[in-house]
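Participant: Sequence and predicted structure below; questions after.
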Amino acid sequence: MTPADLSAAIVRILAELQADGRLGEGALPAEVVVERPKNRDHGDWATNVAMQLAGKFGMKPRAFAELLSTELSKVAGVEKVDIAGPGFINLTLSAAAAGELAKAIVEAGDAFGLGTDLAGVKLNLEFVSANPTGPIHMGGTRWAAVGDSLARIFEAQGADVTREYYFNDHGAQIDRFARSLLARAKGQDAPEDGYGGAYIQEIADRVLAETAIDVLNLPEAEAQEFFRSNGVELMFQEIRESLHDFGVDFDVYFHENSLYESKAVERAIERLRELGHIFEAEGAIWLRSTTFGDDRDRVIIKSDGDAAYIAGDIAYYLDKRERGFDQCIYMLGADHHGYVPRMLALCAAFGDEPGKNLEILIGQMVNLVRDGEPVRMSKRAGTVVTMEDLVSVVGVDAARYALARSSIDSQLNIDLEQLQKKTNDNPVFYVQYAFARTKQVAKNAASLGVDHSEFDPSLLSHETESELLAKLTEFPRVIAQAAEFREPHRVARYIEEVAGTYHRWYDQCRVTPLSGAAVESVHRTRLWLNDAAGVVLNNGLRLLGVSAPERM
RNA sequence: GCCCCUAUAGCUCAGGGGAUAGAGCGUCGCUCUCCGGAGGCGAAAGCGCAGGUUCGAAUCCUGCUAGGGGCACCA
């Protein structure tokens, strides 16, 4: 008996009441809210349905609640029904009805928590997409952690997810990158508008070391092109390795340049021209994006004949749609939020539905601080902290967890000193420790002859057992909501609660008998609950891309 | 000037209309005679300001204040 079961039971009862005339005519909801009350005195579960619906049926909330509670008390597994306050209906389940879940979770194992909300949806999730002009910074690192988790959560809801990285290897910033490499290779300072940092020297050296050609004596343009193509490739490899070490592997690394080489840009513009959204003015080619809510029209092909950045976006979006993606989700940093209207406009210009076929998630900046001051610690990148810097200090698990446990709408301040000095303080260890404890308990149980041969859920009657069962029940809903709202941090916060609830239960209820005492049904039954908690912690950590070590 | 995000405990952050606003860390107490004390229990401590909507607002709306990020024929 779960809150979802109770919700369904209430919906069914309402329909029956209406059918036999005890409830007036009116639309009934498809589901009702059944929540864990904050105050345990209010029972195991509570619903506000009476307050929500009474008005629609011309009744007072408490009268509505009376009508409903009479029928609810007849439902198997429901031990007690109370009406409280303005019309809350508080439900108490029998221990047996609540406890069944422990076994169900263990038997479901890795599959516990999975849903079907996104079954059959072909979804493209683009994230990180850092320019290949340097190592991945903290912004990209946050996206790597959040994006990969979100992909896992979508998959847990049945979506067919493609993780995609848009590799901006075309345009002016690449030229600046190439000029910077060339300058450093010649022992000169980086150009005014170029890139600094020790990594430029490293890449330049590697380009020279990996070729037999006397690059530095080539004509300037040829030398720059040589550094461009080889430097970008080296940077690309390095980014891919950093991401892989971070536990993030993309299905598709899409090269912007390929859109130009394949003439996809021209085709996309032609398509928009046919749709009547292109015009020419001042020697440039424009997208009339104001038709679709943008605050100004956008230049696609500049008057000098070069493509503006949005040209690639247009072709890229069309390409994604032609590859069969129903939903294209872009994750961008706050510094790109000005892009949202034009991206949604180009989606609409193709006749698609903005917000559905194309959706943009904006994430706020992340800062590393020490004593309240921004940290600039990277030896390689000079002024910024890279993904590798962070991982080298706190490790992958702590880094991913710290970045994924907060809403992307919040700017994040991560205190490096704290994570550096005492990594035990990181919440990820609290969760991992709880999981390790479930494993240790199971191991001890096995050695003392406590096995899974018995399961009597009515024995799970301790207050902490009720709490733990209720918490574990929520997992499927947490995943569904994390997917719906695109908020992986919900999973992190949830497993922290599970860990706390588990610890409290552990403190009160022994799985193994005291020395000399006999193994009883209650021990065997509790082993199921212990293992159920382990399943949920493990599944939750997996959704975040964080390891679940059996011992720490 | 316009746009986006944020403002909750000493710190980092949850809380998406419900009952007494939570967690981790930090501070101060208590708790190892039995499954890992990296745990548990308790205490002190908080919704930026002003209106509005609602039976009910941290949550929705408006204004203000403060912080961050944006407003190119750059990418």
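Facilitator: Okay, I see it. Residues are numbered from 1 along each chain as shown, chains lettered A, B, ... in the order given.
Participant: confidence score at A:D425?
Facilitator: On pLDDT, A:D425 comes in at 66.
Participant: Surely A:D160 touches A:L125?
Facilitator: No - under the criterion of C-beta atoms under 8 Å, A:D160 is not in contact with A:L125, lying 11.0 Å apart. Backbone N, C-alpha and C define where each C-beta goes, glycine included.
Participant: what's the average pLDDT for the helix or strand hosting A:R228?
Facilitator: In the assignment (DSSP states H and E), A:R228 maps to helix A:220-245. Mean pLDDT, computed over helix A:220-245, is 96.
Participant: does RNA strand B sit close to the helix or strand just after that helix?
Facilitator: Using DSSP H and E, the helix or strand that follows helix A:220-245 in sequence is strand A:252-255. No - looking at strand A:252-255 against RNA strand B by C-beta under 7 Å from any atom of the strand, there are no contacts, and the closest approach is 12.3 Å.
Participant: neighbouring contacts of the helix or strand just after strand A:252-255?
Facilitator: Next helix or strand after strand A:252-255 toward the C-terminus (DSSP H and E): helix A:256-261. Taking contacts as C-beta atoms under 8 Å, 6 or more residues apart in numbering, the residues outside helix A:256-261 that touch it are A:166-171, A:264-265, A:307, A:312, A:315-316, A:319.
Participant: what comes up buried for helix A:256-261?
Facilitator: A:256-260 (16 or more other C-beta atoms under 10 Å).
Participant: go on, stretch A:504-514?
Facilitator: Buried residues in stretch A:504-514 (16+ other C-beta under 10 Å): A:505-506, A:509, A:511-513.
Participant: what's the closest of the residues you listed to RNA strand B?
Facilitator: Distance to RNA strand B across the buried residues of stretch A:504-514 (C-beta to the nearest atom of the strand) is lowest for A:V511, with 3.7 Å.
Participant: Could I get the contacting residues of that closest one?
Facilitator: Contacts for A:V511 were tallied using C-beta under 8 Å, 6+ apart; they are A:441-442, A:444-445, A:450, A:523, A:526-527, A:530.
Participant: Among those residues, name the ones that also lie close to RNA strand B.
Facilitator: A:441, A:444-445.
Participant: can you tell me which of the buried residues of stretch A:504-514 are in helices?
Facilitator: Secondary structure from DSSP state H places A:505-506 of the buried residues of stretch A:504-514 in helices.
Participant: Tell me which two of the buried residues of stretch A:504-514 sit farthest apart.
Facilitator: Across the buried residues of stretch A:504-514, the longest distance by C-beta to C-beta is 16.7 Å; it joins A:W505 and A:P513.
Participant: which helices and strands sit right next to the helix holding A:R228?
Facilitator: On a contact count with 3 or more C-beta pairs under 8 Å, 6 or more residues apart in numbering; DSSP states H and E, helix A:220-245 meets helix A:172-185, helix A:198-209, helix A:387-404.
Participant: element containing A:L23?
Facilitator: Going by DSSP H and E, A:L23 is not in any helix or strand.
Participant: and the closest residue to it other than its chain neighbours, what pLDDT?
Facilitator: Leaving aside its sequence neighbours, A:L23 sits nearest to A:L17 (C-beta to C-beta, 6 or more residues apart in numbering; 4.0 Å). At A:L17, the pLDDT value in this model is 91.
Participant: need the contact list for A:L17.
Facilitator: Residues touching A:L17, when contacts are defined by C-beta under 8 Å, 6+ apart, comprise A:23, A:67-68, A:71.
Participant: Can you tell me which of those is nearest RNA strand B?
Facilitator: Checking the contacts of A:L17 against RNA strand B by C-beta to the nearest atom of the strand gives A:L68 as the nearest, at 13.8 Å.
Participant: on that earlier part again, which members of the contacts of A:V511 are positioned in helices?
Facilitator: Counted as lying in helices by DSSP H, out of these, are A:441-442, A:444-445, A:523, A:526-527, A:530.
Participant: May I see the ChimeraX selection of the buried members of those?
Facilitator: Of the ones in helices among the contacts of A:V511, the buried ones go into a single ChimeraX selection, burial set by 16+ other C-beta under 10 Å:
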select /A:441,442,445,523,526,527,530
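Participant: okay, the ones in helices among the contacts of A:V511 in JSON lines with pLDDT next?
Facilitator: Shown next, in JSON lines, are the ones in helices among the contacts of A:V511 (pLDDT from 0 to 100):
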{"residue": "A:V441", "pLDDT": "97"}
{"residue": "A:A442", "pLDDT": "97"}
{"residue": "A:N444", "pLDDT": "96"}
{"residue": "A:A445", "pLDDT": "97"}
{"residue": "A:H523", "pLDDT": "97"}
{"residue": "A:R526", "pLDDT": "98"}
{"residue": "A:L527", "pLDDT": "98"}
{"residue": "A:N530", "pLDDT": "98"}
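Participant: can I get the contacts of A:V511 in a markdown table with distance to A:G247?
Facilitator: Compiled in a markdown table, the contacts of A:V511 are given as follows (distance: C-beta to C-beta, whole Å):
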| residue | distance to A:G247 |
| --- | --- |
| A:V441 | 28 |
| A:A442 | 26 |
| A:N444 | 31 |
| A:A445 | 32 |
| A:V450 | 35 |
| A:H523 | 37 |
| A:R526 | 34 |
| A:L527 | 32 |
| A:N530 | 28 |
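Participant: which ones are touching the residue in chain A positioned nearest to RNA strand B?
Facilitator: Proximity of chain A to RNA strand B (C-beta to the nearest atom of the strand) peaks at A:G171, 2.3 Å away. When contacts are counted by C-beta under 8 Å, 6+ apart, A:G171 touches A:256, A:309, A:312.
Participant: Equivalent analysis for A:L403, please.
Facilitator: Contacts of A:L403 (C-beta under 8 Å, 6+ apart): A:141-142, A:145-146, A:366, A:412, A:414.
Participant: From A:S7, how far off is the residue of chain A most remote from its centre?
Facilitator: Relative to the centre of chain A, and counting by C-alpha atoms, centre = their mean, the farthest-placed residue is A:N217 at 49.5 Å. Plainly put, A:N217 is 76 Å away from A:S7 if you go by C-beta to C-beta, to the nearest Å.
Participant: Same check on A:R22?
Facilitator: The gap separating A:R22 from A:S7 is 20 Å, by C-beta to C-beta.
Participant: between those two, who's got more neighbours?
Facilitator: Neighbours were tallied for A:R22 and for A:S7 using other C-beta atoms under 10 Å; the higher tally belongs to A:S7 (19 against 11).
Participant: The more buried one contacts A:V33, doesn't it?
Facilitator: Yes - with contact defined as C-beta under 8 Å, A:S7 counts as touching A:V33 (7.5 Å).
Participant: Quick check: neighbours shared by those two?
Facilitator: Shared contacts of A:S7 and A:V33, defined by C-beta under 8 Å, 6+ apart, comprise A:T47.
Participant: quick one: the strands in the stretch 51-200 of chain A?
Facilitator: Ranges of strands within the stretch 51-200 of chain A are A:78-84, A:88-93, A:122-126, A:160-167, based on DSSP state E, counting those that start in this stretch.
Participant: Could you save these as JSON lines and add columns showing mean pLDDT and distance to A:K186?
Facilitator: Formatted as JSON lines, those follow (pLDDT from 0 to 100; distance: least, C-beta to C-beta, whole Å):
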{"stretch": "strand A:78-84", "mean pLDDT": "92", "distance to A:K186": "79"}
{"stretch": "strand A:88-93", "mean pLDDT": "93", "distance to A:K186": "76"}
{"stretch": "strand A:122-126", "mean pLDDT": "98", "distance to A:K186": "37"}
{"stretch": "strand A:160-167", "mean pLDDT": "98", "distance to A:K186": "27"}
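Participant: could you pick out which of the buried residues of stretch A:504-514 are near RNA strand B?
Facilitator: Applying C-beta under 7 Å from any atom of the strand to those, those adjacent to RNA strand B are A:506, A:509, A:511-512.
Participant: At the contact with RNA strand B, which residues of the stretch 251-400 of chain A appear?
Facilitator: Residues of the stretch 251-400 of chain A lying near RNA strand B (C-beta under 7 Å from any atom of the strand): A:281-284, A:299, A:302-304, A:306, A:308-310, A:334-339, A:362, A:364-365.
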